[in-house]
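Participant: Sequence first, then the predicted structure, then my questions.
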Amino acid sequence: EPQRTAPPSTSVGLFNLPSSVTQDDIRDVMEPFGKVKHVQLINNRPGKAPFSFVEFDDLNDAIDAKEKVHETRVLGQMVRTDFAIGKEDRKQRY
């Protein structure tokens, strides 16, 4: 089944991040697109690439960041982006 993208939201997920990435690195990548309210970094899964969720103040800034950062390099590693899936959306998808 092809992967479906989540509907636009103010929360953008960054996936396939390098293991050395920090919250400040993520902020540096995302803040040029608009005001970032919160950065959550998940880097505690042995053998798996870290990922992050970035909460923007404004939906249009989140859309812009998601489109422009997707398949670019962060600290030399190609990353992908998608909108975060809320709990309600997750129930509907599966």
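Facilitator: Received the coordinates, thanks. Numbers count the residues shown, from 1 in each chain.
Participant: Could you pull out the strands in the protein for me?
Facilitator: In chain order, the chain shows strands spanning 11-15, 36-42, 51-56, 73-74, 77-78, 80-83, with DSSP state E as the criterion.
Participant: any chance of the ones you listed in JSON lines, plus mean pLDDT?
Facilitator: Output for these, formatted as JSON lines (pLDDT from 0 to 100):
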{"stretch": "strand 11-15", "mean pLDDT": "96"}
{"stretch": "strand 36-42", "mean pLDDT": "97"}
{"stretch": "strand 51-56", "mean pLDDT": "97"}
{"stretch": "strand 73-74", "mean pLDDT": "96"}
{"stretch": "strand 77-78", "mean pLDDT": "96"}
{"stretch": "strand 80-83", "mean pLDDT": "95"}
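Participant: May I have the predicted confidence score for Asp89?
Facilitator: Predicted confidence (pLDDT) at Asp89: the value is 44.
Participant: whoops, Ala6 was the one
Facilitator: Ala6 carries a pLDDT value of 79.
Participant: Tell me who's in contact with it.
Facilitator: Under the criterion of CB atoms under 8 Å, 6 or more residues apart in numbering, the contact partners of Ala6 comprise Asp82, Phe83, Ala84, Ile85, Asp89. Using the backbone N, CA and C atoms, a C-beta is placed for each residue, glycine as well.
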